[in-house]
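S.K.: Let me see the structure of the following:
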Amino acid sequence: MSKDIIFTIKSECLDENYHPSDSTRVTTNFANLARGERRQANLRNALKMVNNRFNALAHWDNPNGDRYAVELDIVSVEMDIANNGHAFPAIEILKTTIFDHQTNKRIQGIVGNNFSSYVRDYDFSIWLLEHNQNQSQFSVPKNFGELHGKLFQCFVNSSDYKAHFNKPPVICLSVSDSKVYRQTDNLHPILGTEYLANEASLTEQYFKKMGLQVRYFMPPNTVAPLAFYFFGDLLNDYTHLELISTISTMETFQKIYRPEIYNANSVAGKCYQPNLKNADHSFTQIVYDREERSQLANEQGKFAEEHFIKPYQAELSQWLAQYAQ
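M.R.: Numbering: from 1, shown residues only. As a prediction, this is how the structure comes out:
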């Protein structure tokens, strides 16, 4: 078997008329919003929040706060590891494009932002739980995240990725409620105040195997730091508008489904530990089913096990050995 995986990249516009496709991970933030009676209002309100936040951050030469609009595309990546024509839905990310009403031009944003993966669901919802089922103390299985990490790096380094995107991805996630974050003196004009974590979270360790490093920043007028996962140099590899497109998009999603942290009524201090039981927070006018999201992660982990991990065990082992060389 060749160590080259065949990647197929598909793109779909995320607007108020978006309907999740059958192959979309239903736990994905935007797919969850796009169902039920309020689906169109949910999407319309979320996109309005993104645009308002973008214009608030990109305030220069923007006196009325309406110069820019953010266009979002859902990028779905399928992979054929056995080169047999059977593709598995590997990764789903978001791509931002900025429309400048003043110049009538579109500006490339950042790809990544949100990150969804069936194999990650398997790792955390199936493998990790089974490993700890009869353990007296929590531990992480040997080689945990190795396969997922190598698959992701293979995709980012592929000619398929480079043909579609001109810069490496940036993924923006919530901070961990089990860690403590301390404010530093480092202040960036767009990303805001940098925080440092007291120790690496399991998510940080997992993403490190994907080749990504992390920095924590609290942008202006945000109430808690965000986790930015990236290759290279986050502060210098991307323009201000590119960074704003990621902040405005992912901060909006975090306000919707992590309101205890990102829609809290008090701002993170110099020493900050996120609290998912924080009652002092506000809700957006957007309906989001968090309980369903948790239940479905387990189902989708089983899907990955049945349709990818078990049937392609031999091919995956061989591919990992070749990739390591």
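
S.K.: so what's Asp4 up against?
M.R.: Contacts here follow CB atoms under 8 Å, 6 or more residues apart in numbering; on that basis Asp4 touches nothing. C-beta: built from backbone N, CA, C; applies to glycine.

S.K.: Would you mind measuring from it to Asn275?
M.R.: With distances defined as CB to CB, to the nearest Å, the gap from Asp4 to Asn275 amounts to 46 Å.

S.K.: With Thr96 instead?
M.R.: Shown here: Thr96 relative to Asn275, a distance of 30 Å by CB to CB.

S.K.: Which one of those two is surrounded by more residues?
M.R.: With neighbours defined as other CB atoms under 10 Å, Thr96 and Asn275 compare such that Thr96 has more, 26 against 14.

S.K.: quick one: the more buried one and Ile247 touch, right?
M.R.: No. Thr96 is not in contact with Ile247 according to CB atoms under 8 Å; the separation is 10.2 Å.

S.K.: for the record, mean pLDDT for stretch 297-306?
M.R.: Mean pLDDT, taken over the full extent of stretch 297-306, equals 88.

S.K.: One more: stretch 185-205?
M.R.: Per-residue pLDDT values across stretch 185-205 average out to 95.

S.K.: What residues sit buried inside that stretch?
M.R.: Buried positions in stretch 185-205, judged by neighbour count with 16 or more other CB atoms under 10 Å: 188, 190-195, 197, 201, 203-204.

S.K.: hey, what's in contact with both of Thr96 and Ile247?
M.R.: For the pair Thr96 and Ile247, no residue contacts each of them under the criterion CB under 8 Å, 6+ apart.

S.K.: Helix, strand, or coil at the most far-flung residue of the chain relative to its centre?
M.R.: Distance from the C-alpha centroid of the chain peaks at Ser136, with 32.0 Å (CA atoms, centre = their mean). Secondary structure for Ser136, judged by DSSP: H, G, I helix; E, B strand; the rest coil, is coil.

S.K.: and it, how far is that from Ile126?
M.R.: Applying CB to CB, the value for Ser136 to Ile126 is 21 Å.

S.K.: One more: Ala321?
M.R.: Ala321 sits at a distance of 23 Å from Ile126 (criterion: CB to CB).

S.K.: Likewise for Arg215?
M.R.: Summarising the geometry, the distance separating Arg215 from Ile126, computed by CB to CB, is 30 Å.

S.K.: quick one: contacts for Phe54?
M.R.: 68-70, 98, 244-245, 248.

S.K.: what are the ranges of the strands in the stretch 201-325 of the chain?
M.R.: 213-218, 226-230, 271-272 (DSSP state E, counting those that start in this stretch).

S.K.: so which of those strands is the most packed in?
M.R.: For the strands of the stretch 201-325 of the chain, the stretch with the most neighbours on average is strand 226-230, a mean of 23; neighbours defined as mean count of other CB atoms under 10 Å.

S.K.: Quote the end-to-end distance of stretch 167-176.
M.R.: As for stretch 167-176, its first-to-last residue distance stands at 27 Å under the measure CA to CA, to the nearest Å.

S.K.: Equivalent analysis for stretch 153-160, please.
M.R.: The distance separating the two terminal residues of stretch 153-160, taken as CA to CA, comes to 12 Å.
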